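In: below: sequence and its predicted model.
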Amino acid sequence: MKYKKYTVLGLFLLGMILLPGEVLGVEPIEKTFTITGYYSPLPNQNFYVTGNYEAEIRLNGRGIRGADGMGVYPGMMAAPRSIAFGTRICVPSFGCGTVHDRGQAIVQKGERAIAVNDRLDLWMGYGEEGLLRALAWGMRHIPCEVYPEGSGVAETVNFDLPLALHQIVDIPGKEIFTANLYRGMKHEEVTRLQQSLQDLGFYEGDLTGVFDQILSEAVFTFQKRHLIVESWEAYGAGGFGPQTRERLSEALYQHQLQKNIAGLWDSFHFVEALRKGLRNEAVLRLQQILVQRELLEVSPTAYFGPSTLRAVKTFQLKHNIIDSLEAPGAGRVGPVTMMKLNDLLSEREVALSQEKEFIAQEESLSQRWRVLSRKPLREILPYAWLGE
């Protein structure tokens, strides 16, 4: 009898955890939301949806705290003003979070032509990791359960669930390095190390398979960049040990991932006219350009709605494509507007190429100086300069 009593009590307590709304007598309101993700940008990211950090924080905020003063955390949600702070909302496949934030794009149903449901934004984390989660989530229309503040519903979200990133970008596999390598060694793994550091811009020598001074310099530069060592006097400086192996594996993964993401738009050009009401990849790219040029202040959605229409008209006026907001073709992305947009994309490609070339030259000069600075002076300058 005693065990039976404890069993019943245990089942009751378990029920309170698993079925909080029913056990506590709080009936949830079922409501369908249009749900997107937002994140907290960091200034050192390799990739931004809008093109740069400044434009990104205009759309996502500075990612420090919500509108009610609560610091950002997994489970924070942004909702329309009709939904009170503290309201808990359970989203299938994501979890239960709490409303602490607002936003310009967080509108009620019917407030804009695009708003078929109340909007809900889920905070997805910091930096590139948060951005990838938000990109993978995309935009979804989901029936949810809404609980009032103080309902007792547990706040739990699943940040580790496999959001389908492969639908957005090819996910690279991680390079695994198992051998410790040091100066003087000759090994096929040394060739792989040389190739990896070359891909990351740290090594410019030949792929010889020999761990020489040039490779050691490259490893040391990588170690300093990733705060593994501070000087040549530090233990392991210039050698490829466990900590450096792990950090290189992660660096290669991030490098390839960001390269794949950036490559999504590298070869993109506008080829078909765009108008209000369309929803496709070209509209998304158009919105990204408009955001980057501070003409659009809502997150890119891939839907050509009223905000995008106004931004296109402003873009056309700015570039003398139309002479008034009522001119024929105003707000429609036709041949002339597409030509201008493609010119901007081409200019961006040229600018990025020049910037990469400049950075490569700077890195090359810096690398050569580091190599020279390790040699005795008589090996650098002609003997005549030394008076010999």
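Out: Here it is on my side, so go on.

In: contacts, neighbours, all on C-alpha from now
Out: Noted.

In: helix/strand/coil for G125?
Out: strand (DSSP: H, G, I helix; E, B strand; the rest coil).

In: need the nearest residue in space to it, chain neighbours excluded.
Out: Distances taken as CA to CA, 6 or more residues apart in numbering place Y39 nearest to G125, at 5.2 Å, with adjacent residues excluded.

In: packing partners of the strand or helix carrying the one you found?
Out: Taking DSSP states H and E as the definition, Y39 sits inside strand 29-40. The elements that strand 29-40 packs onto, with contact taken as 3 or more CA pairs under 8 Å, 6 or more residues apart in numbering; DSSP states H and E, are helix 53-60, strand 118-126, helix 127-137, strand 140-147.

In: can you rerun that using 6 Å?
Out: strand 118-126, helix 127-137, strand 140-147 (3 or more CA pairs under 6 Å, 6 or more residues apart in numbering; DSSP states H and E).

In: need the ones you listed in CSV with mean pLDDT, can you?
Out: Output for these, formatted as CSV (pLDDT from 0 to 100):
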stretch, mean pLDDT
strand 118-126, 87
helix 127-137, 78
strand 140-147, 89
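
In: low-scoring stretches of the stretch 201-350 of the chain, by residue?
Out: The stretch 201-350 of the chain contains residues with pLDDT under 70 at 258-259, 261-267, 299, 348-350.

In: and N158, how many residues sit next to it?
Out: A count of nearby residues for N158, using other CA atoms under 10 Å, gives 12.

In: how far away is it from M139?
Out: As for N158, its distance to M139 is 18 Å (criterion: CA to CA, to the nearest Å).

In: tell me where the stretch 101-250 of the chain has helices.
Out: Ranges of helices in the stretch 101-250 of the chain, per DSSP state H, counting those that start in this stretch, are 127-137, 188-199, 213-225, 242-266.

In: can you lay out the ones you listed as a markdown table showing distance to P148 and mean neighbour count?
Out: A markdown table is the format used below for these (distance: least, CA to CA, whole Å; neighbours: other CA atoms under 10 Å):
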| stretch | distance to P148 | mean neighbour count |
| --- | --- | --- |
| helix 127-137 | 25 | 20 |
| helix 188-199 | 53 | 19 |
| helix 213-225 | 49 | 21 |
| helix 242-266 | 39 | 17 |
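
In: can you put those in TSV and add distance to A154?
Out: TSV is the format used below for the helices of the stretch 101-250 of the chain (distance: least, CA to CA, whole Å):
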stretch	distance to A154
helix 127-137	22
helix 188-199	46
helix 213-225	42
helix 242-266	34
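
In: for L207, find the nearest of these.
Out: helix 188-199 (5.6 Å; CA to CA).

In: relative to helix 213-225, how tilted is the closest one?
Out: Counting by axes from the mean of the first three to the mean of the last three CA atoms, to 10 degrees, helix 188-199 lies at 60 degrees to helix 213-225.

In: which elements pack onto helix 188-199?
Out: Checking 3+ CA pairs under 6 Å, 6+ apart, helix 188-199 ends up next to no helix or strand.

In: read off the pLDDT value for R81.
Out: pLDDT recorded at R81 is 88.

In: report whether it is found in a strand, as I expect.
Out: No - counting by three-state DSSP, R81 is not part of a strand but coil.
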